[in-house]
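Colleague: Sequence plus the predicted model coming up.
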Amino acid sequence: MGPWSHGGWIRTKGAKLGDTSFGFPTAAYYQKNIELAFFKHHLKGGPDPKLPEALVFETGANRWRELSAWPPKVKKRTWYLAQGGALSRTKPTHKKAVGDSWVSDPAKPVPYSMTFATPMAKPYMGEDQRFAAYRPDVMVYRSAPLEEDVTFAGPIKVRLWVSTTRSAADFIVKVIDETPGRRRSKGKPDAKGGQQLMVRSDVMRGRFRKGFDKAVPFEPNKPSEVSFELLDVLHTFKRGHRIVVHVQSSWFPLVDRNPQKFVANIYKAKKSDFVKAIHTLYRSDRYASRIEVGEL
């Protein structure tokens, strides 16, 4: 098995994906110093490149990092979705089941990209997510500006407490790196100030929240846990940046629309099955919605 990379998107010409920049030709470095050296050694008897157990590209810090194991040894940290759109390390203390609610309309789903393309908008993973943050059906939770660098390493566990006025729902979670606002020398706003770049994202179809072997409807207005895991990551949120979490119920057409009325087979849902619903995400002591991460 050959060497592999993890943690960031890599392009041969190196500079940009959407509005991101790695600062140097990451793919060229990988091809020359890692991939070519690996195959020269194993196929042609060349010198041993002595690669580490895990050689991972650390996005945010924009560097290759040598690690003795993957996932590496980390400190377990929890970030709570809190009142007022905050993302906090402090667990909510509300005794009542308070939360944030939004109207989810299958006729007006949240798009996955601002680019209309068939079959898929290739740069959507590097696209500024502010286009979604402005929508009333996307819940946004932002940390305070970081006082020091924070590095996420390994999988990100999502644990949401939610309810719906209907019997079916999807929940999409995005973990995002928000750049600080800056001003140029002439006082004009920097176009990249406040930019929201997606680090990891995924969806959980609520009917499978208790296991993929059996579909289970939601009981209307009853809090229910929806937990899933985002793919591994190695990303550093730099000092001054914010960690941001988006929660939404549609991601069209990357994810097909949920009718929000429980049916035996979504792919056979009738037009009349597609109904509006009010979803609520809870942020209380008992129902503490959060993400659980490993930090280096």
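Modeller: Cool, the structure landed. Residues are numbered from 1 along each chain as shown.
Colleague: The helix or strand where Lys174 lies packs against which elements?
Modeller: Assignment of secondary structure by DSSP states H and E places Lys174 within strand 170-178. Here strand 170-178 touches strand 150-164, strand 196-205, strand 224-237, strand 242-248, going by 3 or more Cβ pairs under 8 Å, 6 or more residues apart in numbering; DSSP states H and E. To be clear about C-beta, it is placed using only N, CA and C from the backbone, and glycine gets the same treatment.
Colleague: Of all these, which one comes closest to Ala132?
Modeller: Closest to Ala132 of the helices and strands packed on strand 170-178, according to Cβ to Cβ: strand 242-248, at 6.3 Å.
Colleague: Show me what that closest one is packed up against.
Modeller: Looks like strand 242-248 contacts strand 75-82, strand 86-88, helix 130-133, strand 138-142, strand 170-178 (3+ Cβ pairs under 8 Å, 6+ apart).
Colleague: What residues of it count as buried?
Modeller: Within strand 242-248, the residues that count as buried by 16 or more other Cβ atoms under 10 Å are Arg242, Ile243, Val244, Val245, His246, Val247, Gln248.
Colleague: Looks like the second one contacts Ser143 (just checking).
Modeller: By that I understand Ile243. Yes. At 4.4 Å, Ile243 counts as touching Ser143 under the criterion of Cβ atoms under 8 Å.
Colleague: mind exporting stretch 97-104 as PDB, just the C-alpha atoms?
Modeller: The C-alpha trace of stretch 97-104 is given here as PDB (Å, rounded to 0.1, in the frame of the first residue of the first chain):
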ATOM      1  CA  ALA A  97     -35.400  22.500  27.300                       C
ATOM      2  CA  VAL A  98     -34.500  25.700  25.600                       C
ATOM      3  CA  GLY A  99     -33.300  25.800  22.000                       C
ATOM      4  CA  ASP A 100     -33.200  27.400  18.600                       C
ATOM      5  CA  SER A 101     -35.900  26.800  16.000                       C
ATOM      6  CA  TRP A 102     -36.200  27.200  12.300                       C
ATOM      7  CA  VAL A 103     -38.700  26.500   9.500                       C
ATOM      8  CA  SER A 104     -37.500  23.800   7.100                       C
END
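Colleague: Check which residues of that stretch are buried.
Modeller: Gly99, Asp100, Trp102, Ser104.
Colleague: tell me the contacts of the third one?
Modeller: This points to Trp102. Pro136, Asp137, Val138, Met139, Ser249, Ile278, His279 (Cβ atoms under 8 Å, 6 or more residues apart in numbering).
Colleague: Make a ChimeraX selection of the buried ones in those.
Modeller: To isolate the buried members of the contacts of Trp102 in ChimeraX, using 16+ other Cβ under 10 Å:
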select :137,138,139,249,279
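Colleague: tell me which of the contacts of Trp102 is nearest to Phe171?
Modeller: Ser249 (6.4 Å).
Colleague: Just give the nearest non-adjacent residue to the closest one, would you?
Modeller: Closest residue to Ser249 apart from its sequence neighbours, by Cβ to Cβ, 6 or more residues apart in numbering: Ser104 at 4.1 Å.
Colleague: tell me the contacts of the one you found?
Modeller: Asp137, Ala169, Ser249, Ser250, Gln260, Lys276, Ala277, Ile278, His279.
Colleague: could you dump these to JSON lines with pLDDT and distance to Pro47?
Modeller: Formatted as JSON lines, the contacts of Ser104 follow (pLDDT from 0 to 100; distance: Cβ to Cβ, whole Å):
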{"residue": "Asp137", "pLDDT": "98", "distance to Pro47": "56"}
{"residue": "Ala169", "pLDDT": "98", "distance to Pro47": "56"}
{"residue": "Ser249", "pLDDT": "98", "distance to Pro47": "54"}
{"residue": "Ser250", "pLDDT": "98", "distance to Pro47": "53"}
{"residue": "Gln260", "pLDDT": "98", "distance to Pro47": "60"}
{"residue": "Lys276", "pLDDT": "98", "distance to Pro47": "64"}
{"residue": "Ala277", "pLDDT": "98", "distance to Pro47": "62"}
{"residue": "Ile278", "pLDDT": "98", "distance to Pro47": "64"}
{"residue": "His279", "pLDDT": "98", "distance to Pro47": "58"}
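Colleague: Kindly present the residues you listed as CSV, with separate columns for distance to Gly211.
Modeller: As requested, the contacts of Ser104 are exported to CSV (distance: Cβ to Cβ, whole Å):
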residue, distance to Gly211
Asp137, 27
Ala169, 17
Ser249, 21
Ser250, 23
Gln260, 21
Lys276, 28
Ala277, 23
Ile278, 26
His279, 21
